[in-house]
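Engineer: Mind looking at a prediction? Sequence and model below.
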There are 2 protein chains.
Amino acid sequence: MRPNLSRYLPILDWGAHYGRSELSGDLIAAVIVTIMLIPQSLAYALLAGLPPEAGLYASIVPITLYALFGTSRALAVGPVAVVSLMTAAAIGEVAQTGTAGYAFAALTLAGLSGAMLLALGLFRLGFLANFLSHPVIAGFITASGILIAVSQLRHILGIGGGGHTLPEMLTSLVRNIDGLNLPTLILGVGATAFLFWVRKGLKPLLQAMGLPAAAVGILSKAGPVLAIAATTAATALLGLAESGVAIVGTVPQGLPPLTLPSLAPDLVGALLLPALLISIIGFVESISVAQTLAAKNRQRVDPDQELIGLGAANISSAFTGGFPVTGGFSRSVVNFDAGAETPAAGAYTAVGLLIASLFLTPLIHDLPKATLAATIIVAVLSLVDLSILRRTWTYSKADFAAVFITIALTLGFGVEVGVSAGVAVSILIHLYRSSRPHMAIVGRVPQTEHFRNVERHEVETRDDIISLRVDESLYFANARFLEDRIHDLVARQPAVRHVILMCPAVNEIDMSALESLEAINARLRDQQVLFHLSEVKGPVMDRLKRSHFLSELTGQVFLSQHLAVRTLSEPPQTDPSDKKGPIHV
Amino acid sequence: MRPNLSRYLPILDWGAHYGRSELSGDLIAAVIVTIMLIPQSLAYALLAGLPPEAGLYASIVPITLYALFGTSRALAVGPVAVVSLMTAAAIGEVAQTGTAGYAFAALTLAGLSGAMLLALGLFRLGFLANFLSHPVIAGFITASGILIAVSQLRHILGIGGGGHTLPEMLTSLVRNIDGLNLPTLILGVGATAFLFWVRKGLKPLLQAMGLPAAAVGILSKAGPVLAIAATTAATALLGLAESGVAIVGTVPQGLPPLTLPSLAPDLVGALLLPALLISIIGFVESISVAQTLAAKNRQRVDPDQELIGLGAANISSAFTGGFPVTGGFSRSVVNFDAGAETPAAGAYTAVGLLIASLFLTPLIHDLPKATLAATIIVAVLSLVDLSILRRTWTYSKADFAAVFITIALTLGFGVEVGVSAGVAVSILIHLYRSSRPHMAIVGRVPQTEHFRNVERHEVETRDDIISLRVDESLYFANARFLEDRIHDLVARQPAVRHVILMCPAVNEIDMSALESLEAINARLRDQQVLFHLSEVKGPVMDRLKRSHFLSELTGQVFLSQHLAVRTLSEPPQTDPSDKKGPIHV
């Protein structure tokens, strides 16, 4: 087997050893995940503002493509809450819900997101996800959970309205509250209460009744299906649709359609940024689930190959009537717990959903939208975790600022503004911190060759020598700070004749830092102060040799700080007319 | 004197010691700078697309305000080439050249930029300028110099046209070449050749003639004034304006007007980003000149106070008929060389320009625009330094990429796109590099307590212990890489029972890195591997104690790597049932 091919097609690895035990594990997991995915798919389509069948379509082919290209053995790919919310926000800007243009825009968004993920994977740019710090992700997921739950309230109340930010949604709820539909409210509140009970109370009850663990597992996951069956039956039997209960209505029966995403330049332009944000958020969510589950079996997921798998899944979603998808947290955990052994479990899940799409859609004609809303609300409230505010407040005020800004802006101005601002704030905070590299003036520990921070140790210093140790790599964000610091030190110590920069922790000097070193050297020369380096690492020295810096350096490069101070303390050698050439390490 | 007040009003410091020697130095410098600034002010107003008097107005009050608030003793503030080009590009988007709206937009731009600079200074956010890496600045200045020179060619040729990018300008030149005006071309080429000769040939000639150095200095700076006088006289005497030579025309005589910048939300919104870019580019240029000159006299400039000084200058420009200004390189060097001792030299320069604005403007009625264009071309060609491409190519390919992208995008898509892309690329490159922190697997140097990189030294390791030393602070951009690395190492070494993370160089662990450590700990626990830390710095340990991490840690925190390996190598203590509590450093 060529290693290169199996890198891009992991199925060649696990497929070669596929046997009976893998098959049975995968099949059982697929049944449980299918039961869980049918209501979730319908509900997240509703959340994205799309017809319910789009949710099924977005699950069938994408999950299969991921099985071919993905490296996680447990990840279940499909529509997820946060990405569906982001989809609604993005498409809401360019088209009206319920129109054909809206569904087309969803295809384009999935296609763009897929192309971006694929490109990131092929060019091995998975590191871009590192832009999203943990506080930003945690804040964003929490705020999205709140937005999603509030956005579903109108379906529970049976009223119209909309909005993509918390103020918009709340205003819309208040304005439309007159249209409250009592049967819808009863169904919605009932379904929500039932689902909460299933989540919190059913499992202990079943366990107390002495049912086997496997049965408890399946039954407690079947809660949403039960709620759907019960409320659909009630709506059909009591004719509640005539009383104003909004129902799903006719859902086409059949295979996922072959669709072509629109590539109109205006549409593509408007969706580029949302697609990028959806790609990155989706990838980060997906990879963290995949890595957590893989670790449990000492398996590996390859982040760049995961990008390719998710990219393929999204592109296929664009061509089969879907919308943006990613690896979902809860369904992947269920898949793993149920014993999925290989990505084939995903393919079997796709078959289950295909059967649903072919034969079961007539059964959900009378499914109330309120039940789907209840499913969503109960699912997303587990995403809301405001404790991140308290934890970051205790741990680090800078991280707290990032979380707070992300939550506030996501709630107040929507998902795109929120996550963009969070990323910007994280990067700003990082650049701010690293713009002040750790430095210490050092002196010699008496009777030794060691040099230590003058503020922490009893050390010997000399009036004519400043020894400054820098504890970080020098690059554009902190180079000017070094200039300022040396400038200050020299201005305050008029007797100084030598500045020695001690570089044992400098792993890199970029072009900006090199320019700063040249500026420091030139300014010190104007002040008749010689500039020296000590303990420069090998690779850094190699690079400095490729510049003019060493030939312009007024002082020397010493192998050790001890050697530097000893040499410069001997009067004859501090005479500039007797200047030695730099000693290259 | 209250130190706080003199921090914000540096004039209280130097004003207290102002005497006769400072006065004479400042006055001489002011005369030379005034002679230099008159043509520059007129020319840069032309470059910004504004009437020539705007250049004089932009020099008078702003230079005085800077003298009050600035800390540099030599910086000469006024219109400069790059900022004028950026002004033209920004305002060209919102108004038509020559209209009142255009001049109003210039006031708004100056006001916004001033407010931003002031805010950055008051909140001590000068570090934001660190976003601009040296390669980006160098590339941007070079590309701007080319753009400016090409933009002036049409004035030399006497044709119409415009454009803000190189392709636009060249296309416009080719399209309008039919309108070529021969007298303009002769004047323009003559003035350009003369100014080049003044720059390269006049100074040596005057020196060879035995003139005193001071006279040589003044005469060689007076080149532009001579060119203006000669071409204006020629145009007036020969009536060249009737032959189609574009002249400056009537310039109002009088004090700078009191103007009010427009605060229309649309206009402000459109100019926010350009104002930010102009502020930062202007600040970076200004501060580097100021620091270089201050160093020559072992003086200090305070970057945050410089922001306040430049902010005050720009705000005053908005209220006195000007446009964005900053500290200029060549005029500041001239000011310094001519012996300016204090910021008062700037105030005297303002008086000189005020006199020009009151009495000299009728004299420049017949000044050909081609002469001003020649002044600009000769001035900006010194900005063009393509050697930065070669130097970065030799030194670092990443820095080369940043320069190349900045130059290409500035030329191809204009100044705003160019500098924004450059900043983005610099930050991306930095995050990419720091997303792969330096790490080394370490082993014990035999017979010692020292641990060194296994790849570089002959050291002892054990199959059941992985010791990983991380050489950088852990934060969001590199935390996931650490997760991946440990994940990989453990997957490849099945006998491992302990992972020890050696942290002697970790100055910080942010919230994201903390989450990663928790994830590593949890995943290792699932694999029955204990996770330990060693040599954690005091402040980092203090912060960890404020989280749950230490209570969840499966292993221990050791004072030294030697202690860690010795403890874990003794069989009884590696038994998890005998696990000790973490040892807190």
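Structural biologist: Everything's here; your move.
Engineer: Give me the pLDDT for residue A:582.
Structural biologist: Looking at residue A:582, its pLDDT reads 45.
Engineer: err, residue A:573, not the other one
Structural biologist: The predicted local confidence for residue A:573 is 44.
Engineer: now do residue A:457
Structural biologist: 82.
Engineer: So it sits against residue A:446, correct?
Structural biologist: No: with contacts defined as C-beta atoms under 8 Å, residue A:457 does not count as touching residue A:446, sitting 9.9 Å away. In short, each C-beta sits where N, CA and C put it, glycine included.
Engineer: if you count what's nearby, which of these two comes out ahead?
Structural biologist: residue A:457 (15 against 10; other C-beta atoms under 10 Å in any protein chain shown).
Engineer: Once you drop chain neighbours, what's closest to that one?
Structural biologist: In space, and not counting its chain neighbours, residue A:457 is closest to residue A:445: 6.3 Å by C-beta to C-beta, 6 or more residues apart in numbering or on different chains.
Engineer: What is the longest helix of chain A by residue count?
Structural biologist: In chain A, assigned by DSSP state H, the helix with the most residues is helix A:265-296.
Engineer: Which positions in the stretch 451-585 of chain A make contact with chain B?
Structural biologist: Residues of the stretch 451-585 of chain A lying close to chain B (C-beta under 8 Å from any C-beta of the partner chain) are A:471-473, A:475-481, A:483-484, A:487-488, A:490-491, A:494, A:505, A:507-508, A:510-512, A:514-516, A:519, A:522-523, A:526-527, A:543, A:546-547.
Engineer: Now list the buried members of those.
Structural biologist: Neighbour counting by 16 or more other C-beta atoms under 10 Å in any protein chain shown classes A:471-473, A:475-481, A:483-484, A:487, A:490, A:505, A:507-508, A:510-512, A:514-516, A:519, A:523, A:527, A:543, A:547 among those as buried.
Engineer: any idea which helix or strand comes after the helix or strand of chain A with the lowest mean pLDDT?
Structural biologist: Each helix and strand of chain A was given a mean pLDDT (mean pLDDT, DSSP states H and E); the minimum falls on helix A:3-8 at a mean of 67. Next along the chain after helix A:3-8, taking DSSP states H and E as the criterion, comes helix A:11-15.
Engineer: What about the buried ones among the residues of the stretch 451-585 of chain A next to chain B, which are in helices?
Structural biologist: A:476-481, A:483-484, A:487, A:490, A:511-512, A:514-516, A:519, A:523, A:543.
Engineer: returning to what we had before: quick one: the longest helix of chain A near chain B?
Structural biologist: Yes: judged by C-beta under 8 Å from any C-beta, helix A:265-296 and chain B are in contact via A:288, A:291, A:292, A:295, A:296.
Engineer: from what I can see the third one touches residue B:518, true?
Structural biologist: Looking back up the chat, that one is residue A:292. No: assessed by C-beta under 8 Å, residue A:292 is found out of contact with residue B:518, at 11.2 Å.
Engineer: So these two - more neighbours on which side?
Structural biologist: residue A:292 (20 against 17).
Engineer: Report the contact partners of the more buried one.
Structural biologist: B:519, B:522, B:523 (C-beta atoms under 8 Å, 6 or more residues apart in numbering or on different chains).
Engineer: what's the nearest residue to the first one if we skip its chain neighbours?
Structural biologist: In space, not counting the residues next to it along the chain, residue B:519 is nearest to residue B:483; the distance is 6.0 Å by C-beta to C-beta, 6+ apart.
Engineer: Please apply the same query to the last one.
Structural biologist: Beyond its immediate neighbours in the sequence, the residue positioned closest to residue B:523 (C-beta to C-beta, 6+ apart) is residue A:295, lying 3.4 Å away.
Engineer: so how far is residue B:354 from the residue lying closest to residue A:329 once chain neighbours are set aside?
Structural biologist: Once flanking residues are discounted, residue A:329 sits nearest to residue A:289: 5.1 Å by C-beta to C-beta, 6+ apart. Distance, residue A:289 to residue B:354, by C-beta to C-beta, to the nearest Å: 70 Å.
Engineer: One more: residue A:179?
Structural biologist: 70 Å.
Engineer: Looking at those two, which one has more neighbours?
Structural biologist: residue B:354 (19 against 13).
Engineer: That one against residue B:60, yeah?
Structural biologist: Yes: the pair residue B:354 / residue B:60 is scored as a contact, 5.4 Å apart, by C-beta under 8 Å.
Engineer: Please, where are all the helices along the stretch 51-200 of chain A?
Structural biologist: Along the stretch 51-200 of chain A, the stretches classed as helices by DSSP state H, counting those that start in this stretch are A:52-69, A:81-92, A:100-122, A:134-157, A:166-176, A:182-197.
Engineer: from the chain's centre, how far out does stretch A:461-481 sit?
Structural biologist: 36 Å (C-alpha atoms, centre = their mean, to the nearest Å).
Engineer: Please point out which parts of the host helix or strand of residue A:40 sit buried.
Structural biologist: Under the criterion of DSSP H and E, residue A:40 resides in helix A:20-47. For helix A:20-47, burial by neighbour count (16+ other C-beta under 10 Å) applies to A:22, A:25-30, A:32-47.
Engineer: again, but for stretch A:270-284
Structural biologist: Residues of stretch A:270-284 classed as buried by neighbour count (16+ other C-beta under 10 Å): A:270-271, A:274-284.
Engineer: now stretch A:216-234
Structural biologist: Under 16+ other C-beta under 10 Å, the buried positions of stretch A:216-234 are A:216-224, A:226-228, A:231-232, A:234.
Engineer: Kindly identify which of those also come near chain B.
Structural biologist: Cross-checking the buried residues of stretch A:216-234 against chain B (C-beta under 8 Å from any C-beta) gives no overlapping residues.
Engineer: Now, these that are in strands?
Structural biologist: Among these, none falls in strands (DSSP state E).
Engineer: so which of the residues you listed would you say is closest to residue B:398?
Structural biologist: Ranked by distance to residue B:398 (C-beta to C-beta), the buried residues of stretch A:216-234 are led by residue A:221 at 49.6 Å.
Engineer: measure that closest one to residue A:334 for me?
Structural biologist: For residue A:221 relative to residue A:334 (C-beta to C-beta), the value is 6 Å.
Engineer: Likewise for residue A:196?
Structural biologist: Residue A:196 is 18 Å from residue A:334, where distance means C-beta to C-beta.
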